[in-house]
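Novice: sequence unknown, structure follows:
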Ligand SMILES: Nc1nc2c([nH]c(=O)n2[C@H]2C[C@H](O)[C@@H](COP(=O)(O)OP(=O)(O)OP(=O)(O)O)O2)c(=O)[nH]1
């Protein structure tokens, strides 16, 4: 069986807004929007890959906060895992692979043309935020 290639996607938040990035390459993905991130290197932890990719791609320092439940199939043997992260320092700039960045408020999440593999990831992100609101209500069980 062929090994899956692990990709990390960053759900990077600042002031309640999510950062979306428009790909500039390769040609078949250019113009579509994604979560910044990239391939996990051999032996690297997902959250470390996330911090490294955000530094390389956007020139920012970020802190991983936790995994969004789910393994998202991107096709061609790629599987994406999404981490929530918070901006610690710097202003994101499209240094690599992207030509535009946009901070999306919760009501703007579907205003960009996400890559097909990202649509379930964005939905999971929304569902898990609603879940965390629900889980904080008195008497509710904890999510692992
Ligand atoms: N980073 C990222 N990649 C995604 C998303 N959705 C999606 O289909 N992909 C695809 C695009 C690429 O084929 C693959 C990730 O590869 P990448 O090119 O971003 O990885 P990388 O930064 O490590 O790239 P490189 O070193 O090979 O240039 O996953 C997403 O939301 N974020």
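Specialist: On my side now, so go ahead. Computed from a prediction, not measured in an experiment: that's the story for all the values here.
Novice: Residue 10 pairs with what?
Specialist: With DSSP bridges applied, residue 10 shows beta-bridge pairing to residue 83.
Novice: neighbours around it, how many?
Specialist: 29 (other Cβ atoms under 10 Å). For the C-beta atoms, the positions are set from N, CA and C on the backbone; glycine is no exception.
Novice: pLDDT score assigned to it?
Specialist: Residue-level confidence at residue 10 comes out at 98, pLDDT.
Novice: In contact with it: list those residues for me.
Specialist: 19, 35, 36, 37, 50, 53, 54, 62, 82, 83, 85 (Cβ atoms under 8 Å, 6 or more residues apart in numbering).
Novice: after the host helix or strand of residue 22 comes which helix or strand?
Specialist: Secondary-structure element containing residue 22, defined by DSSP states H and E: strand 17-23. On the C-terminal side of strand 17-23, the nearest following helix or strand under DSSP H and E is strand 33-34.
Novice: Please report how far the residue nearest to residue 32 when sequence neighbours are not counted lies from the ligand.
Specialist: What sits nearest to residue 32 in space, not counting adjacent residues and going by Cβ to Cβ, 6 or more residues apart in numbering, is residue 115, at 4.6 Å. According to Cβ to the nearest ligand atom, to the nearest Å, residue 115 stands 4 Å off from the ligand.
Novice: who's in contact with residue 115?
Specialist: Listed by Cβ under 8 Å, 6+ apart, the contact set of residue 115 reads 23, 29, 32, 33, 34, 74.
Novice: Just the buried ones from these, in ChimeraX syntax?
Specialist: Command for ChimeraX, covering only those of these found buried under the criterion 16 or more other Cβ atoms under 10 Å:
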select :23,33,34,74
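Novice: packing partners for the helix or strand in which residue 103 is found?
Specialist: Mapping residue 103 onto the secondary structure by DSSP H and E places it in strand 98-104. Applying 3 or more Cβ pairs under 8 Å, 6 or more residues apart in numbering; DSSP states H and E, we find strand 98-104 packed against strand 17-23.
Novice: how big is the angle separating the strand it packs on from strand 98-104?
Specialist: The directions of strand 17-23 and strand 98-104 differ by 160 degrees, with axes from the mean of the first three to the mean of the last three Cα atoms, to 10 degrees as the criterion.
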